[in-house]
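Engineer: here's a sequence, model it:
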Amino acid sequence: MDMNMNSLSGMNPQVSGYLDPYTMPIDVTQQMAPQQSMQPMMQMPPQQSRVDSPPPPRIYKPCFVCQDKSSGYHYGVSACEGCKGFFRRSVQKNMQYTCHRDKKCVINKVTRNRCQHCRLQKCFDVGMSKDCVRNDRNKKKKVKQEVSESLVIPAEIEEVIQQVLHAHRETFQEEPPKDTYCVTSNLNNPCSQQVPQSTSLGLAGEPCSVESGGGGVNDQKPSKPSTSNGETDLSLFQHVSEISSKAIIMVVDFAKKLPGFQVLTTQDQITLLKAACLEIMVLRICSRVNSQDGSVTFTNGLRLTQEQLKSGGFGALLDTICQFAAALSKMKIDETEVSLLGAICLISSDRSGLKDPIKIEKMQEPLLEGLRYYVRKRRPLEPHIFAKILMKITDLRSISVKSAERVLHLKVEIPAEFPALITEMIDRNDDDD
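Structural biologist: Residues are numbered from 1 along each chain as shown. The predicted structure is shown next:
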């Protein structure tokens, strides 16, 4: 028994299973203790062993031109936002400045706006590069051109766009005639065309045209102008109503030229036209509004001032139309976009009283795709412009409702002078069946 114990005690203490803390030598126990105490520290990730500190802020030198706080390196030197923009505009527009002193003006944060000549000269003196501005401008143009060229409109969508544009051009002259004339309220009948007195929109195959004549609207003698404030000038109203009747006929012709419109039932054609006619007329008249004085030049060359239009029947509605025209002008809507927007207003499946709204919805889809493709190709760097243009339909519908209310007011005010074609267009009794 003693021999076995001696033999066990003489075995290597490092072998696993033979280490006894009570019989282990003191030096070995002391060597193991630090290793056991260090074990938790070895398992800690290195990120937790040190305190995170934010990187030091990047420090720029002051602006080399005016000593203001620099926003970075622009066109080769450290410069502030003000001097960067000034230098870019001066180079792109090729500005030529003049110094009214000895061309030795001190340029700093306070005096930099006093002398543009010396400020630009100091920009060059400190090392701003003109070529960097040109390269930056050319790069933007190149990117825009590449994005525009990379978008290919499908052939079937391109065909729809061209058909709608052709229908628009056939029924509306985008640019007003150069030879214009004005009227006064006491002129009897300066117009040489007569709107035929018809109560049909010309959808069943009968011709829908403007015939020559010399009698004016309804072949009635011109009435005396109204002298009361706030009332309609009957002489000017005859001009406005005659032009409006012709515009309705042109909208009908536009609809008949759109692909698939005449395939619809006659009832659906009438429903769509009555719902969208005023919208298309407002959309078209906006391209004729003079942004400077609010006057409008019509297709026959007649130019009416803002006051004449209000007295001739538009009233306060003209201000709303002019605001809408200014919004379209700001968006730089072109002829193709106007034509597609008008077609989308017309071919709309959410009109009440339609017999086949599903078919009309399918007809509208290529029109929406056409506008989307065309807008993206024309404005490749404006990703949200398509939605903004499409939202103008909501504004058009609001103006159309106000226009119908205005027409009904005029119909009550001057019932004997009201053209039957305009009356039929605003009559919605058929939609209530």
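
Engineer: would you mark the buried spots in stretch 317-327?
Structural biologist: In terms of neighbour count (16 or more other C-beta atoms under 10 Å), stretch 317-327 has its buried residues at Leu317, Leu318, Thr320, Ile321, Cys322, Phe324, Ala325. To be clear about C-beta, it is placed using only N, CA and C from the backbone, and glycine gets the same treatment.

Engineer: how close does the closest residue to Ala167 other than its chain neighbours get to Arg303?
Structural biologist: Counting by C-beta to C-beta, 6 or more residues apart in numbering, Lys257 is the residue found nearest to Ala167 once chain neighbours are left out, at 3.6 Å. Taken as C-beta to C-beta, to the nearest Å, the spacing of Lys257 relative to Arg303 amounts to 28 Å.

Engineer: any regions of this structure where pLDDT drops low?
Structural biologist: Along the chain, the parts satisfying pLDDT under 70 run over 1-53, 55-60, 134-150, 184-230, 417, 428-433.

Engineer: SS state for Tyr73?
Structural biologist: Secondary structure assignment for Tyr73 (DSSP: H, G, I helix; E, B strand; the rest coil): strand.

Engineer: quick check: it touching Lys84?
Structural biologist: No - in this structure, Tyr73 is not within contact of Lys84 by C-beta atoms under 8 Å, at 9.7 Å.

Engineer: so the two - more neighbours on which side?
Structural biologist: Counted by other C-beta atoms under 10 Å, Tyr73 and Lys84 do not tie: Lys84 has more neighbours, with 22 against 13.

Engineer: next one: phi and psi at Lys332?
Structural biologist: Backbone torsions for Lys332, taken as degrees, to the nearest 10, come to phi 60, psi 50.

Engineer: for burial, what's the neighbour tally of Ala255?
Structural biologist: Each residue near Ala255 was counted by other C-beta under 10 Å, and the total is 25.

Engineer: settle this for me: it is touching Ala275, isn't it.
Structural biologist: No - under the criterion of C-beta under 8 Å, Ala255 makes no contact with Ala275, lying 11.4 Å away.

Engineer: buried stuff in the longest helix seen in the chain?
Structural biologist: Among all segments of the chain classified by DSSP state H, the helix with the greatest residue count is helix 385-413. Going by neighbour count (16+ other C-beta under 10 Å), the buried part of helix 385-413 is 385-386, 389, 392-393, 395-397, 399-400, 402-404, 406-407, 410.

Engineer: contacts only, for Gln162.
Structural biologist: Neighbouring residues of Gln162 by C-beta atoms under 8 Å, 6 or more residues apart in numbering: there are none.

Engineer: just say helix, strand or coil for it.
Structural biologist: The assignment at Gln162 comes out as helix when based on three-state DSSP.

Engineer: quick one, strands of the stretch 51-200 of the chain?
Structural biologist: Counting by DSSP state E, counting those that start in this stretch, the stretch 51-200 of the chain forms strands over residues 72-74, 77-79, 193-194, given from the N-terminal end onward.

Engineer: export the ones you listed as a markdown table, with columns for distance to Glu174.
Structural biologist: Formatted as a markdown table, the entries for the strands of the stretch 51-200 of the chain read as follows, by distance: least, C-beta to C-beta, whole Å:
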| stretch | distance to Glu174 |
| --- | --- |
| strand 72-74 | 43 |
| strand 77-79 | 46 |
| strand 193-194 | 20 |
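
Engineer: out of the ones you listed, deepest packed?
Structural biologist: Mean neighbour counts were taken over the strands of the stretch 51-200 of the chain using mean count of other C-beta atoms under 10 Å, and the top value, a mean of 22, falls to strand 77-79.

Engineer: residues in contact with it?
Structural biologist: With C-beta under 8 Å, 6+ apart as the contact definition, strand 77-79 has outside contacts at 60-65, 70-73, 87, 126-128.

Engineer: adding distance to Phe418, write those out as JSON lines.
Structural biologist: Rendered in JSON lines, the data for the contacts of strand 77-79 read as follows (distance: C-beta to C-beta, whole Å):
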{"residue": "Tyr60", "distance to Phe418": "73"}
{"residue": "Lys61", "distance to Phe418": "76"}
{"residue": "Pro62", "distance to Phe418": "74"}
{"residue": "Cys63", "distance to Phe418": "70"}
{"residue": "Phe64", "distance to Phe418": "73"}
{"residue": "Val65", "distance to Phe418": "69"}
{"residue": "Ser70", "distance to Phe418": "70"}
{"residue": "Ser71", "distance to Phe418": "65"}
{"residue": "Gly72", "distance to Phe418": "68"}
{"residue": "Tyr73", "distance to Phe418": "71"}
{"residue": "Phe87", "distance to Phe418": "64"}
{"residue": "Val126", "distance to Phe418": "74"}
{"residue": "Gly127", "distance to Phe418": "75"}
{"residue": "Met128", "distance to Phe418": "69"}
